[in-house]
Structure formats: structure tokens, C-alpha cells
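Novice: just the structure for this:
(one chain, ligands or ions: 1)
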Amino acid sequence: MTRKYSAAQLRAIVAGVLERAGSSAEESRTVAENLVLANLSGHDSHGVGMLPRYVDAVLEGGLHPNAGIAVKLDGGSLLALDGQRGFGQVVGAQAMTLAMQRAQETGSCVMALANAHHLGRIGHFAEMAVERGLVSIHFVNVQSRPVVAPFGGGDGRYGTNPFCVGIPLPGQPPFLLDFATSRVAQGKMRVAHNEGRQVEPGTLIDEKGRPTTNPGVVVVPQSGGLFGALLSFGEHKGYGMAVACELLGGALTGTGTWHQPADSRRAVINGMFTILVDPRKLGTQEAFAREALAFVEWVKQSPPGAGSEGVMLAGEPERRARRQREAEGIALDDQTWAEIVAAGAKVGAAVA
Ligand code: NAD
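Specialist: Numbers count the residues shown, from 1 in each chain. A predicted model of the protein is given here:
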């Protein structure tokens with residue numbers, strides 16, 4: 001069963017629980033807004049369903065409320081920052097604000113953000129940059145559980161390592177590509193499991209390395225306490241991108257890479273390697289504006305293929321979902337709601 005909630009209702013509930021868990025009013029509001037925006041954008045995997053995990057991580061000590069970024073290196077267009085296990089929604093925005101200022105001054109910025117707690121939708125940060133006319137590229141690793149199998153492998157070895165690129169388009173909504181390098185995000189398996197749905201073949205292997213459509217294999221321990229694993233998107237290509245995310249987002253930022261068996265800790269730590277470019281400063285602005293728009297128009301003129309409503313550009317599905325869900329509300333399944341109520345109870349917040 002699912003029920004619909006308004007964005008405002010959910011923001012108030014999430015902020016209330018986070019405040020009881022130790023976050024300032026401002027931090028609670030920022031995190032709540034970010035999670036609800038993920039739901040509005042159609043990405044329930046990164047929405048309010050994350051709240052129980054955040055509360056557990058705070059109670060365990062793996063997520064530090066009210067922490068801010070520390071500047072480890074400020075070298076002109078190079079910035080190395082440490083998120084100090086603060087809420088990713090807060091330290092990620094702080095890091096982007098510094099990096100965007102730098103890119104606007106010098107034309108570009110390479111920003112390494114280490115040790116942020118879960119950054120949520122990476123597209124959120126690209127959206128901050130494209131609003132200022134900047135190109136924004138992100139490679140991210142995930143330290144929580146090795147839930148994705150390498151191409152050719154039979155068990156999970158690393159996380160869902162997202163990649164994102166935002167490109168501003170003059171006079172038009174931006175191109176915003178933002179995805180997990182696994183075939184689907186881990187959180188979408190939690191949502192499918194909670195809703196009692198099977199998933200598409202080719203998405204998962206079970207704890208013995210056999211193909212399965214049961215999302216539970218990556219949500220609850222299977223035989224021998226083992227988990228199954230997600231497969232990469234695009235076979236060896238997605239796998240290669242996931243490794244690039246681990247090497248850049250994990251190793252190069254200083255966050256660390258994953259090379260150990262699963263543990264049961266609830267914190268999710270992200271490292272994010274970001275490249276920002278101001279196209280106005282590269283000397284190609286005129287050609288960029290003209291050619292980008294011409295290409296987008298050309299691509300969108302492709303006639304709809306069989307069973308399709310036509311060509312979209314990355315970023316469009318999220319904008320459509322926002323319009324629809326702002327108007328109609330956000331559907332949450334009973335299990336997700338029960339987990340949010342239980343998370344509230346752990347910190348003494350009554351969720352109604
Ligand atoms: P997804 O498979 O839904 O793909 C989303 C991307 O594809 C978007 O850019 C979207 O605009 C584009 N897209 C979707 N349908 C399209 C179509 N028909 N035509 C053109 N473009 C289309 O996303 P996902 O892999 O499930 O990832 C969901 C979210 O999870 C992302 O925001 C990602 O950043 C986030 N994530 C975060 C972490 C973390 O640790 N912080 C880890 C993994 C994923």
C-alpha cells in the first residue's frame with residue numbers, strides 16, 4: 001500500500017526528526033529540503049526513505065551533525081576539502097560554493113571533497129553549478145557496503161559509484177546527466193523490496209553469484225549472512241566508469257577506496273572529485289552556445305521509436321516529475337513510512 005504526502009508535510013517531518021537527532025534547525029531544514037527534492041525529482045531511492053539510515057548513522061557516531069568542511073589545500077584552481085563526515089547535503093553545498101567561486105574567478109576549478117556523509121543526488125550539485133553558467137563534472141565513490149559486482153565477477157566489490165555531468169544550455173534548461181554506475185541505484189532495490197516487487201532480469205546476482213530478480217538479495221542478508229550484488233550498467237563500460245569513480249572519487253580525493261568485506265555500519269561516506277569549467281572564460285563561448293543548441297535541436301527531431309513518446313534530454317525526466325509531484329503529492333509505501341516513524345521514535349520525535 002502507498003499513501004500520498006505533500007512536499008511541505010514531508011519537509012516538516014524530516015526536519016523535526018533531524019533536529020531531535022542533534023542537527024541545528026538550519027541543517028535540519030537543508031537536509032529535509034534536499035531529500036524531499038529527490039522524491040519530487042522521481043528519485044525515491046535518494047529521498048526521505050534515507051532518513052532512518054541517517055538517524056542510525058548519527059546514533060552510531062558515523063555521521064557528525066553540524067560538521068562543516070575543512071580546507072586541506074587551497075592552491076588557486078585546486079581545492080582539497082574534507083567533509084569531516086558531516087551531512088553531505090550541507091558539506092557538499094559548502095564545497096560547491098567555494099569551488100564555484102573559484103571557477104568564476106579563474107575559469108576552472110578541480111575540487112576534491114573527501115569524507116562527506118551521503119551526498120544524496122549528485123545532480124543537486126551539478127544543478128548549483130549550471131545555474132551559474134558553469135559546466136560541472138563529478139566522479140563519486142561510495143563507502144558503505146560492496147554492493148556492485150565487477151564485470152566478470154561473482155560478488156560485490158564496491159559501491160554504486162555515481163557519475164554526473166551538468167552542462168548549461170543558453171536560454172534552455174540544462175543537460176543534467178546523473179546516474180549510478182550500477183544498473184540501478186541500491187536505494188531503488190530497497191524501494192522495490194519494500195513494495196514487494198521483482199526487478200528486471202540482468203540487474204542482480206544472488207549471494208551465490210546466480211542471476212535473480214529478487215531485490216531482497218541486496219537488502220536483507222541471505223544464506224550464510226551473505227548479500228547478493230548489483231550488476232554494472234553497460235557491462236564492461238559501466239564497470240570501467242565505476243572504477244574511474246573509485247580511483248578519482250575515492251583514492252584521489254583522499255577519502256579511501258573500498259577493499260574489505262561488508263560490515264554492518266550504517267554510515268554512507270562519499271568522496272567526490274569535481275571539475276568545474278566556466279565556458280565564458282574558455283574562448284569558445286560563441287561556438288559553444290551555437291553548436292550546443294543546434295545539436296540538442298537536431299537530436300530532439302529524431303522521430304519517436306517504437307513504444308517511445310519521443311526523445312528527451314537528460315534532466316527532463318526529473319523536471320517533469322517535479323511538476324507532477326508538486327501538484328499530486330509524493331507516494332510513500334507503508335514500509336518506508338513505518339521505518340520513518342521508527343526512526344523518529346529512536347530520537348524521541350513523534351511522527352504523525
Ligand atoms: P537513473 O537510472 O534514473 O538515470 C537518471 C539519469 O538518466 C538522469 O540524468 C535522467 O535525466 C536520465 N534519463 C532517465 N531517463 C531518460 C530518458 N528516457 N531519456 C534521456 N535521459 C534520461 O538514475 P540512477 O542510476 O537510479 O541514480 C539515481 C540517483 O542516485 C542519482 O541522482 C545519483 O546521483 C544518485 N546516487 C547517489 C549515490 C550516493 O552515494 N550519493 C550513489 C548512487 C546513486
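Novice: briefly note if stretch 76-91 comes near the ligand.
Specialist: No. Counting by C-beta under 6 Å from any ligand atom, the ligand is not contacted by stretch 76-91; separation bottoms out at 6.8 Å. Using the backbone N, CA and C atoms, a C-beta is placed for each residue, glycine as well.
Novice: got the buried residues for that stretch?
Specialist: 79-83, 85-91 (16 or more other C-beta atoms under 10 Å).
Novice: run a quick neighbour tally on the residue lying closest to Gly107 once chain neighbours are set aside.
Specialist: Spatial nearest neighbour of Gly107, chain neighbours left out: Lys281 (3.5 Å); criterion: C-beta to C-beta, 6 or more residues apart in numbering. Lys281 sits with 15 neighbouring residues when counted by other C-beta atoms under 10 Å.
Novice: before we move on, what about Ala185?
Specialist: 20.
Novice: with Gly202 instead?
Specialist: Neighbours around Gly202, by other C-beta under 10 Å: 12.
Novice: measure it to Asp82 for me?
Specialist: Using C-beta to C-beta, to the nearest Å, we find Gly202 at a distance of 38 Å from Asp82.
Novice: on that earlier part again, of the buried residues of stretch 76-91, just say which sits nearest to Ala114.
Specialist: Using C-beta to C-beta, Asp82 comes nearest to Ala114 of the buried residues of stretch 76-91, at 4.9 Å.
Novice: who's in contact with that closest one?
Specialist: With contact set as C-beta atoms under 8 Å, 6 or more residues apart in numbering, Asp82 has these partners: 69-70, 72, 113-115, 254.
Novice: can you read off the pLDDT for it?
Specialist: Asp82 is assigned 98 on the pLDDT scale.
Novice: in the sheet, who's paired with it?
Specialist: On the basis of DSSP bridges, Asp82 is bridged to Ala70, Ala114.
Novice: which strands and helices sit next to the helix or strand encompassing Phe295?
Specialist: Following DSSP states H and E, the helix or strand that holds Phe295 is helix 285-300. Under the contact definition 3 or more C-beta pairs under 8 Å, 6 or more residues apart in numbering; DSSP states H and E, helix 285-300 sits against strand 162-169, strand 172-180.
Novice: around the ligand, pick out the residues from the chain.
Specialist: Residues of the chain lying near the ligand by C-beta under 6 Å from any ligand atom: 43, 45-46, 118-123, 142, 160, 162, 164, 176-180, 184-185, 188, 268, 270, 312, 314-315, 317-318.
Novice: and those, which of them are in strands?
Specialist: Of the residues of the chain next to the ligand, the ones assigned to strands by DSSP state E are 142, 162, 164, 176-180, 270.
Novice: and the residues you listed, which two are furthest apart?
Specialist: Val142 and Leu176 (20.1 Å).
Novice: give me the more crowded residue out of the two.
Specialist: Shown here are Val142 and Leu176; by other C-beta under 10 Å, Val142 has more neighbours (30 against 24).
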